[in-house]
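Engineer: Pasting the sequence and the predicted coordinates here, then a few questions.
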Amino acid sequence: MKRCQRGAVGLLMMLLIVLTLGGLMLALSAGSGQPPTATSTASLALAAQGLAGYAQAQRCLAGVGSPVDYLPCPDTGPPEGVAAMTCSGTVRGRVPWRTLGLPPLRDGAGECLWYERSAAGARVIAPGSTVAGQTRAPSGFTPVCGGHYGVADYLEPSGGNDQTLVLSAALLAVPANCP
């Protein structure tokens, strides 16, 4: 009986992941003034899955709270790809790909993805190409991703060129096999 239950739970989890990714892709295409590129869409989905998986694993280890409480901080400075030790309020930085055990994730324009974490949740951002007033000259602190950590040179207040993917409540749910 337990083996059948595990199979049913696994099937439900796979269905949930497929439906969540489908919803994420729809939300992404609806939230941007431009059609998402396949590269940006795939990278955003992978980053969202990595962030959610990290938060769920940390929540399971702790045994209390919500996975949202365990989202990593963004990468806000050297070392590159590593989550900042602490963050409060709304914080923007690059996706902490090393912390998540992922390769550097890039959008269709070749830029590494950015990430915004707040008390309410998170979103992953593909900055796209530069727009008027932005400069992405290398700083020497980002040898893999290139450029620098200046948020205004990657993310526009109006959304502009950015493609955004919000981590949904379903993606950040407590796993069934977690205490």
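Structural biologist: Arrived safely.
Engineer: Tally up the residues packed near the residue lying closest to residue 147 once chain neighbours are set aside, please.
Structural biologist: Nearest-residue entry for residue 147: residue 136, 4.1 Å, with adjacent residues in sequence omitted and distances by C-beta to C-beta, 6 or more residues apart in numbering. In short, each C-beta sits where N, CA and C put it, glycine included. Residue 136 has 16 neighbouring residues, counting by other C-beta atoms under 10 Å.
Engineer: Name the helix or strand of this structure that has the lowest mean pLDDT.
Structural biologist: helix 2-31 (a mean of 37; mean pLDDT, DSSP states H and E).
Engineer: give me the low-pLDDT residue ranges for this structure?
Structural biologist: The model of the chain has pLDDT under 70 over residues 1-36, 158-161, 179.
Engineer: mind listing the helices for it?
Structural biologist: 2-31, 38-62, 97-100 (DSSP state H).
Engineer: looking at it, residue 70 is touching residue 60, isn't it?
Structural biologist: No: look at residue 70 against residue 60 with C-beta atoms under 8 Å: they stay out of range, at 9.1 Å.
Engineer: need the contact list for residue 120.
Structural biologist: Going by C-beta atoms under 8 Å, 6 or more residues apart in numbering, residue 120 touches residue 68.
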